[in-house]
Every structure is written in structure tokens, then in C-alpha cells.
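Colleague: Quick one, fold the following:
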Amino acid sequence: MSSAVNNTHPTLTGTETAPTGTTHTTQEQAPNVVHVPQDSAQPPVVPFKEQVIGVAKKTRGTLLGKPELKEHGEQILRGESGIHDEPPSHTLDTTN
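Modeller: As a prediction, the model looks like this:
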């Protein structure tokens, strides 16, 4: 009893319909590469560390009632200000 079992799967070439009814397109080059067009109008990418600090400053400004600190946090999140820049109307209270 020597019956050969074919364990190979059919390969798809070009555009073919798979047994499930879905259509697959094969690519000869890099099949896992997605090309995203670059748009010059995109906002600047804010690094994760700066996003965390921006959210923290925004939250802290909201909770403490300091609108300049909240605005600085929002500016960091928009990429308009750095984390080491001082808030726009930052003044030190030296009366204590």
C-alpha cells in the first residue's frame, strides 16, 4: 500500500482566485514593503519621549490651573516647541 500524498500547496501566479474566493496578487519584488507617499504638509513627528512630557505638562497645567504650562504641553505635542524650552510666559515666583 504505497499511496503518495501530495502535501504541496498550489502557488498563485499573477492574479488568481484562491479556493476561499478571495483574490490574491503576487509581487515579484519585496511583497512585505508598503510604500507610503510623503506629503510635505504633514505635521512634524514628535518623538515618544517628548509626547509623554507634553501630555504630562498639559495635564499638570490643567490640574494646577496654569494655562501657560498647559499651552506649552500642547505646543510640544504639535511639534512647535521643545521639551527644554520654557513656557511662553514662564516667570519664577521668588516672593516665597
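Colleague: I'd say A56 and G73 touch.
Modeller: Yes - A56 is within contact range of G73, at 7.2 Å (criterion: Cβ atoms under 8 Å). From N, CA and C alone the C-beta is placed, and that goes for glycine too.
Colleague: These two: who's more crowded?
Modeller: G73 (23 against 13; other Cβ atoms under 10 Å).
Colleague: Work out for me the element L77 sits within.
Modeller: Secondary structure from DSSP states H and E places L77 in helix 67-78.
Colleague: average pLDDT across that helix?
Modeller: Averaging pLDDT along helix 67-78 yields 95.
Colleague: just checking, what packs against that helix?
Modeller: helix 48-64 (3 or more Cβ pairs under 8 Å, 6 or more residues apart in numbering; DSSP states H and E).
Colleague: can you list contacts of the helix it packs on?
Modeller: Helix 48-64 has contacts (Cβ atoms under 8 Å, 6 or more residues apart in numbering) with 46, 66-77, 82-83, 87.
Colleague: so which of these is the most crowded?
Modeller: H72 (26 neighbours).
Colleague: give the contact list for the residue lying closest to it once chain neighbours are set aside.
Modeller: Setting aside the residues directly before and after it, H72 is nearest to P87 in space (Cβ to Cβ, 6 or more residues apart in numbering), at 3.7 Å. Contact analysis of P87 by Cβ under 8 Å, 6+ apart lists K57, E68, L69, E71, H72.
Colleague: And the nearest residue to the third one once chain neighbours are set aside, how close does it get to R78?
Modeller: If I follow you right, that is L69. In this structure, L69 finds its nearest non-sequential neighbour in G61, 3.3 Å apart by Cβ to Cβ, 6+ apart. Distance, G61 to R78, using Cβ to Cβ, to the nearest Å: 15 Å.
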